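K.L.:
sequence isn't available, so here's the structure alone:
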């Protein structure tokens, strides 16, 4: 079995994989070109003219959110660690309840294009917008870097390209296509790419799920037993908690910290928040989150079958030894079930996933810089929509180039800490400030600045001096050990610290605008006056 599988990976058809991927790129570029015909104003470029329905935006949100880590990483985590691997899915899914209940509708009613619009509504424009843009760029860049580096790491298995130059070339190609999506289609073109990618991903996962279940008579218990038998002596541990987290008190605390960052970070991710502005009403924003919850929830149920199916049919030992490590579980399962053709389709879906996510991140970062920094900080609101969009497009090229360079440099490294950093920063710097702005009338500019910059600084410092960067065999820098913070994810410390800093900064400042808060409260809860924000 192992020999056949290894030969299958080496003997799979990279040319077929590349052709399928190229077909996806061509089709989506045609759609992006068609969408670009109607991209004329700043609202069109940033918010797709607010023309998408709730269900359409919900599908796009699921496409934006289900990254390569969701598709490949979680399936691999379940195949290797069973129950503990599935806990990632629970964290990612429960996070959407926070977004639905506390953020989506209120954000859509209050803001215009970016998170900075909400934070600056009743505070001093320039410092708050600069802080919001800094946080947005930090989260987007770390997330973007992880996705780009992931693209290089996966090519060894998916496309059969080995060596630093070949993988670097793939990262450059992904970056160039991503820039093309954003420059040509803006938010409208990017949204259609995400809708197509979400449909492909969910359909692909459904087909493999049914295929795996069919092999075991659609009896999930038989599948679990097969996975246990395949894993040998350690098999029984796949069915209960503690295989990955639970060996020590620190590992349990680490998982708790990671869980907090995942659950609270999603509602603060800028590229997720920006999607709420692509719909015409707050009701549509709420509906889009409900659709996203359903689709993401269904997909994560599929990953349960994909993970245990890979464990049963491929085996944990084979997965660990494969070029992509745990990320190879889903592709190896596809190869086992449908040979090179199914592997080629899964390869294309994996790269479509990376493309769609990086495009969403790029347009979010470029919009934040152009709208918050250039238009409102540098030009003090005195700029034309055309010049603002032009700056956004230039910024997209710069960010794309930085992402390509950073992805090539980080290729082959452990980039899990970058994803953890993105979620931790979003949960620490963004979410406390957003919640305080929406629900605390005493909140002011100093509180916002302390919360954003303090949360950002604390998170980065703790991550740098954590086992994720040094001190362990799985660390980014294996040869050094300067880790004094015991947890790989700082959420359990940085998130409460950011809330405390926001509170402390507020009560130490005399600034207070109760009338502006009353206006914001009415707009956020009823939508009255929100349409004024549509006109640039």
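P.N.:
Happy to help now that I have it. The model shown is predicted, which means the values in this text are computed figures rather than measured ones.
K.L.:
can you pull the contacts of the nearest residue to residue 215 once chain neighbours are set aside?
P.N.:
Spatial nearest neighbour of residue 215, chain neighbours left out: residue 313 (7.5 Å); criterion: C-beta to C-beta, 6 or more residues apart in numbering. C-beta coordinates here come from the backbone N, C-alpha and C atoms, glycine included. By C-beta atoms under 8 Å, 6 or more residues apart in numbering, the residues touching residue 313 are 212, 215, 226, 230, 333, 336, 337.
K.L.:
now residue 313: how far from residue 329?
P.N.:
Look at residue 313 and residue 329: by C-beta to C-beta, to the nearest Å, they are 10 Å apart.
K.L.:
return the backbone torsion pair for the most centrally placed residue in the chain.
P.N.:
Central residue of the chain (C-alpha atoms, centre = their mean): residue 65, 5.0 Å from the mean position. Backbone torsions for residue 65, taken as degrees, to the nearest 10, come to phi -90, psi -40.
K.L.:
phi first, then psi, for residue 470.
P.N.:
phi -150, psi 160.
K.L.:
now for it, how many residues are close by?
P.N.:
For residue 470, the neighbour count with other C-beta atoms under 10 Å is 17.
K.L.:
before we move on, what about residue 510?
P.N.:
There are 7 residues near residue 510, going by other C-beta under 10 Å.
K.L.:
ok, now how distant is it from residue 446?
P.N.:
With C-beta to C-beta as the criterion, residue 510 and residue 446 are 9 Å apart.
K.L.:
and if you look at residue 371?
P.N.:
23 Å.
K.L.:
surely residue 408 and residue 172 touch.
P.N.:
Yes: the criterion here is C-beta atoms under 8 Å, and residue 408 meets it with residue 172 at 7.4 Å.
K.L.:
pretty sure residue 184 sits against residue 31.
P.N.:
No: the criterion here is C-beta under 8 Å, and residue 184 misses it with residue 31 at 10.3 Å.
K.L.:
quick check: what element follows the helix ranked longest in the chain along the chain?
P.N.:
Secondary structure of the chain per DSSP state H: the longest helix is helix 164-215. As assigned by DSSP states H and E, the chain's next helix or strand after helix 164-215 is helix 220-231.
K.L.:
would you mark the buried spots in that following helix?
P.N.:
Neighbour counts over helix 220-231 (16 or more other C-beta atoms under 10 Å) mark 223, 224, 225, 226, 227, 228, 230, 231 as buried.
K.L.:
in the stretch 301-450 of the chain, which ranges drop under the pLDDT threshold?
P.N.:
323-324, 411-418, 420 (pLDDT under 70).
K.L.:
where along it do the helices fall?
P.N.:
316-321, 329-368, 385-410, 416-425, 431-439, 445-464 (DSSP state H, counting those that start in this stretch).
K.L.:
now the longest one against helix 385-410, angle please.
P.N.:
Calculated by axes from the mean of the first three to the mean of the last three C-alpha atoms, to 10 degrees, helix 329-368 forms an angle of 140 degrees with helix 385-410.
K.L.:
so for helix 329-368, what gets flagged as buried?
P.N.:
Applying 16+ other C-beta under 10 Å to helix 329-368 flags 329-338, 340, 342-368 as buried.
K.L.:
so after the lowest-mean-pLDDT helix or strand in the chain, what's the next helix or strand?
P.N.:
Lowest mean confidence among the helices and strands of the chain (mean pLDDT, DSSP states H and E): helix 2-11, at a mean of 39. Next in sequence after helix 2-11, counting helices and strands by DSSP H and E, comes helix 14-36.
K.L.:
so what does that following helix touch, helix or strand wise?
P.N.:
Contacts defined by 3 or more C-beta pairs under 8 Å, 6 or more residues apart in numbering; DSSP states H and E place helix 14-36 against helix 164-215, helix 329-368.
K.L.:
so for residue 119, which of these sits nearest?
P.N.:
helix 329-368 (11.5 Å; C-beta to C-beta).
K.L.:
buried residues, stretch 295-305. List them.
P.N.:
So for stretch 295-305, counting by 16+ other C-beta under 10 Å, buried means 295, 296, 299, 300, 302, 303, 304, 305.
K.L.:
I'd guessed the fifth one sits against residue 209; true?
P.N.:
Yes: under the contact definition of C-beta under 8 Å, residue 302 touches residue 209, with a separation of 4.6 Å.
K.L.:
report how many residues lie close to residue 514.
P.N.:
10.
K.L.:
what's the answer for residue 236, then?
P.N.:
By other C-beta under 10 Å, neighbour count at residue 236 equals 11.
K.L.:
repeat that for residue 91.
P.N.:
Residues near residue 91, counting by other C-beta under 10 Å: 19.
K.L.:
in which helix or strand would I find it?
P.N.:
helix 83-98.
K.L.:
relative to helix 329-368, how tilted is that helix?
P.N.:
Using the same axes, to 10 degrees: helix 83-98 against helix 329-368 is 30 degrees.
K.L.:
so which helix or strand takes in residue 151?
P.N.:
helix 125-158.
K.L.:
for the residue lying closest to residue 56 once chain neighbours are set aside, give its distance to residue 31.
P.N.:
Distance criterion C-beta to C-beta, 6+ apart; nearest residue to residue 56, sequence neighbours excluded, is residue 195 at 6.5 Å. Distance, residue 195 to residue 31, using C-beta to C-beta: 9 Å.
K.L.:
of those two, who's got more company?
P.N.:
residue 195 (23 against 18).
K.L.:
any stretches of the stretch 51-200 of the chain with poor pLDDT?
P.N.:
69, 152-163.
K.L.:
try 80
P.N.:
51, 67-73, 88-89, 91-92, 99-114, 121, 145-167, 170, 185-186 (pLDDT under 80).
K.L.:
how far does stretch 134-147 sit from its chain's centre?
P.N.:
10 Å (C-alpha atoms, centre = their mean, to the nearest Å).
K.L.:
then stretch 126-143?
P.N.:
16 Å.
K.L.:
same check, this time on stretch 22-32
P.N.:
On C-alpha atoms, centre = their mean, the centre of stretch 22-32 falls 22 Å from that of its chain.
K.L.:
adjust the sequence numbering to begin at 591 for everything that follows.
P.N.:
In the new numbering, first residue 591, that becomes stretch 612-622.
K.L.:
residues of that stretch that come out buried?
P.N.:
Buried residues in stretch 612-622 (16+ other C-beta under 10 Å): 614, 615, 618, 619, 621, 622.
K.L.:
quick check: the fifth one touching residue 779?
P.N.:
Yes: using C-beta under 8 Å, residue 621 is in contact with residue 779, at 7.1 Å.
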